[in-house]
Every structure is written in structure tokens, then in C-alpha cells.
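Participant: got a predicted structure here, sequence first:
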Amino acid sequence: MTQQNVLLSKTSKSGNGIDRAITLPQKPPSAPGGYIPIPRRRVLKNLEINGDGGQRISAWLDSMRASSPTHVKSTPSFAEEHTSWILRHPSALDMFEQITDASKGKQIVMFLDYDGTLSPIVDDPDRAFMSDSMRKTVRKLARYFPTAIVTGRCRDKVYNFVRLAELYYAGSHGMDIKGPTRDSKYNKVSELNMEVLFQPASEFLPMMDEVYHLLVEKVQSIPGATVENNKFCVSVHFRCVDEKKWSELAQQVRSVLKEYPKLRLSQGRKVLEIRPSIKWDKGKAVEFLLESLGFANCNNVFPVYIGDDKTDEDAFKKLRDRGQGFGILVSKFPKDTTASYSLQEPNEVMEFLQRLVEWKQVSLRARSRV
């Protein structure tokens, strides 16, 4: 039996203010999965490293521009597009009662991205702090529902941001998963009694460290560019880089990656992310965590995933394919997505989570009176 299977057996035993006042559907999107089929526009796939250099850089630049909110203009056509989009992906706050109705009799399991979901997007990635009120809300959430943070960030770094040991953490796009032990002798859960559940790309660690240092050296001449070592993922941030310098940045990144065919590059919100070419992503991490929690083949589980970035689409799609639960995209602007619902910003995420906690508390009180 592999280490992964051993761990699974062990854990399984314990068991801008755009107006939203528009006509919304009266029923939640197609139960049980809560997925609305929509026409799919052509989207850029994971960016390839090999091939024609000029065409490749051009594709990178197109994708980098597409991820920039500064290119979204407030025009009548945009307003019409937004209205059409919100009808297909209604606000999770407006549809709260329909959502909770769909979850009745099932165990809700919460999966949360970090940047742009629990914390605002900021210029300096090292200062993406979550508010005290958000931390308090997530702590209460975890009392009632199994909760996991699924992020592209290094697991240790996001743990230092969140500082809640009762959660599960899947860092580096799910390639580094850790959670509280089930047989802890401590009354209070702490980071010391958390265990590593899964690290499918451990063999890539020396390579990732090498690429990190090479990229730091390569992009240091580009003002505003920063490189972040997220253990199993290296992130090149260009949020503070002048757009005229994006082509130079893309060329520098490509000059490094063309020497590492075992790595691949993907696009996030003003970030280029380099990670191992293995069949693992946030969707796989969600599936693994559900299995670890004992919900591998259960019909009474209701997973909810909230995220704001392209990498979260793997998780949205996984829930759609499972026919269980749903995804919520955090975005003020229309985006091509397989999520069922939407929220505009972290403050709305917090409000949704607070309402979920309150709904659960009322349900428990009502049950105790019976």
C-alpha cells in the first residue's frame, strides 16, 4: 500500500459596485451539481514553452493583457455583457436560499482560494493579509463545515497569513497538502500536530529552487517584476510592471523555461506561474481532500469551491464533473467560467460565509428543539 493510500485509510476511518437589481432565476442552476451549461468562448490553454518563439511570446502577451482589469472599459456593450453574464452566474448572495435548499441532508465541505478571495489583490504579494473579521469568519465556518484553503501560494506562507490550524491547506496548486491529525492528543489544534497528506511533486523541488534563482537573476532588470518561490510553483508577478515591459519580461521567462521541458507555464491574474508538468491541479486536490475526509463515494456530500483565478477553473470543473456541489467565481467583470454562481469581491465572500454559518446555527437550534 502506498503512503497516499495509508493516509487515506487513516483519515477515512474517523469519518465596483455594479447594480445587481436584475431579474434572477427562481431556482438554483441544474441540481445536483449546480452547473449552468454556457457557450464556451475560445480560451488560451496552458502556455507551451516549445515552438516558434515569436508566436509564443505574442500568445503570452495576449494572455497577459486578457488578465488585466485595466483593459475592461465601462461602455454600454460591457454593461449589456455583464447583465447577460450575471443571469448565467447569479450572485451567491441573491441565491442563498436556493443554495442552502440544494444542500439539505448533505454535508457541506468548503474549499477557499486565498488571494482575491479571502484577501484583496495587492501590489506586494507578501502583504496580502486577510482582515481580522475574515479570519474570525473562517474560524467559525470551520466549526461547522470541513474547510480547506486551496491556493497557488506556498503552503507555509498562506498558513502564516491565515493562522488557523483547524483547516486543511493545499498549497502550490494542490501539490502540497497538509491538515490536522485525527488522533491528536492536544485539546487545541496547532500547526505542530498537523500532518503532510500528499506531495506528488517532491522530486521537482531541486529543479524548482534552481529555476527560482535563475528567474530572480533574469528579471531583476525589469522594474516592478518580482519572483515568488511557492515551493512546488514559481510565480513571476507583473502587476507593478509597465505594460511596455511585458514583452521583455515574457522573453526573459521563456529564456529560462526552454531549458526545462519538464516544467510548464500557466497564466494567473497578472502572474506567470511555473510548475511541474504532472497531472495535478486544484481540481485533483479537491478530489483528494474529499477522499481524505471520507467522502470518496458518498452521495450526501455538497462541496462548495470559491475562487477568483483561472487556476480555480480546474476545481469548478471537477465539481461539475462529479455532479456535486458548485463553484463560485469571485469577479467584478464577466469571465468565461464553469462556476455556477458569482461574488464580486472578498467582502461579499465574507458575507456569504457569515450567512452560511448563521444558517447552520439556526438549523442546529431547530433540530435541538425537536
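Facilitator: Cool, the structure landed.

Participant: need the contact partners of stretch 207-217.
Facilitator: The contact list for stretch 207-217 (CB atoms under 8 Å, 6 or more residues apart in numbering) reads 227, 229, 231-234, 236, 252-253, 256-257, 260, 262-263, 274-276. Every residue, glycine included, has its C-beta placed from N, CA and C.

Participant: narrow these to those in strands?
Facilitator: Residues of the contacts of stretch 207-217 located in strands (DSSP state E): 227, 229, 234, 236, 263, 274-276.

Participant: closest one to S363 out of these, please.
Facilitator: Within the ones in strands among the contacts of stretch 207-217, the smallest distance to S363 is 40.2 Å, found for R275 (CB to CB).

Participant: circling back to that earlier point, restricted to buried residues, select the ones in strands among the contacts of stretch 207-217 in PyMOL.
Facilitator: Selection of buried members from those for PyMOL, criterion 16 or more other CB atoms under 10 Å:
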select buried, resi 227+229+234+236+263+274+275+276
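
Participant: just send the ones in strands among the contacts of stretch 207-217 back as TSV, with distance to M207 too.
Facilitator: Supplementary listing: those in TSV, determined by distance: CB to CB, whole Å:
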residue	distance to M207
V227	15
N229	12
V234	10
V236	16
L263	7
I274	10
R275	11
P276	8
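
Participant: what pLDDT is listed against G171?
Facilitator: According to the prediction, G171 has pLDDT 96.

Participant: now swap in P25 and tell me
Facilitator: Model confidence at P25, expressed as pLDDT, equals 37.

Participant: now do T226
Facilitator: 96.

Participant: I'd like the distance between it and F238.
Facilitator: T226 is 9 Å from F238, where distance means CB to CB, to the nearest Å.

Participant: looking at these two, which one has more neighbours?
Facilitator: The neighbour comparison of T226 against F238 (other CB atoms under 10 Å) goes to F238, with 23 against 20.

Participant: pretty sure that one contacts A225?
Facilitator: Yes - if you go by CB atoms under 8 Å, F238 and A225 touch, sitting 5.9 Å apart.

Participant: now the helices for the stretch 1-150 of the chain?
Facilitator: Applying DSSP state H, counting those that start in this stretch to the stretch 1-150 of the chain gives helices spanning 3-13, 53-66, 76-88, 96-103, 132-144.

Participant: find residues that contact each of F238 and A225.
Facilitator: Common contacts of F238 and A225, defined by CB under 8 Å, 6+ apart, comprise L249.

Participant: how much space between S172 and S202?
Facilitator: 11 Å.

Participant: so where is the stretch 1-150 of the chain shaky, pLDDT-wise?
Facilitator: Along the stretch 1-150 of the chain, segments meeting pLDDT under 70 span 1-56, 66-76.

Participant: if we go to 50?
Facilitator: 1-52 (pLDDT under 50).

Participant: ok, D113 - contacts?
Facilitator: Contacts here follow CB under 8 Å, 6+ apart; on that basis D113 touches 149-151, 306-309, 312, 330.

Participant: in strands only, show me those residues.
Facilitator: By the criterion of DSSP E, membership of the contacts of D113 in strands covers 149-150, 306-307, 330.

Participant: now render those residues as a markdown table, adding neighbour count.
Facilitator: Converted to a markdown table, these look like this (neighbours: other CB atoms under 10 Å):
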| residue | neighbour count |
| --- | --- |
| I149 | 24 |
| V150 | 30 |
| I306 | 27 |
| G307 | 29 |
| V330 | 23 |
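
Participant: so which of the residues you listed would you say is closest to L293?
Facilitator: V150 (13.6 Å).

Participant: which helix or strand contains the closest residue to the closest one other than its chain neighbours?
Facilitator: Leaving out its chain neighbours, the residue that sits closest to V150 by CB to CB, 6 or more residues apart in numbering is A170, at 4.5 Å. Assigning secondary structure by DSSP states H and E places A170 in strand 168-171.

Participant: just checking: what are the partner strands of the next helix-or-strand element following that strand?
Facilitator: Once strand 168-171 ends, the next helix or strand along the chain (criterion: DSSP H and E) is strand 176-180. Here strand 176-180 is paired, per DSSP bridges, with strand 168-171 (antiparallel), strand 194-198 (antiparallel).

Participant: which of those strands sits closest to S340?
Facilitator: With CB to CB as the measure, strand 168-171 is the member of those nearest S340 (21.4 Å).

Participant: compute the distance between the residue nearest to V150 and Q344, please.
Facilitator: From A170 over to Q344 the distance is 25 Å, taken as CB to CB.

Participant: likewise for A102?
Facilitator: 22 Å.

Participant: before we move on, the earlier item: redo the helices of the stretch 1-150 of the chain as JSON lines? Include distance to I121.
Facilitator: As requested, those are arranged in JSON lines below (distance: least, CB to CB, whole Å):
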{"stretch": "helix 3-13", "distance to I121": "33"}
{"stretch": "helix 53-66", "distance to I121": "15"}
{"stretch": "helix 76-88", "distance to I121": "20"}
{"stretch": "helix 96-103", "distance to I121": "25"}
{"stretch": "helix 132-144", "distance to I121": "14"}
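
Participant: show me what contacts K245?
Facilitator: 222-225 are the contacts of K245 under CB under 8 Å, 6+ apart.

Participant: for F145, that is, sorry about that
Facilitator: Taking CB under 8 Å, 6+ apart as the criterion, F145 is in contact with 107-110, 356, 360.

Participant: just the residues you listed now: which is nearest G179?
Facilitator: Relative to G179, the closest of the contacts of F145 is V109; by CB to CB it sits at 12.4 Å.

Participant: spatially central, which residue of this protein would that be?
Facilitator: With the centre of the chain defined as its mean C-alpha position, the nearest residue by CA atoms, centre = their mean is D113, 3.5 Å away.

Participant: just give me the closest of the contacts of D113 to K178.
Facilitator: Nearest member of those to K178, counting by CB to CB, is I149, at 10.2 Å.
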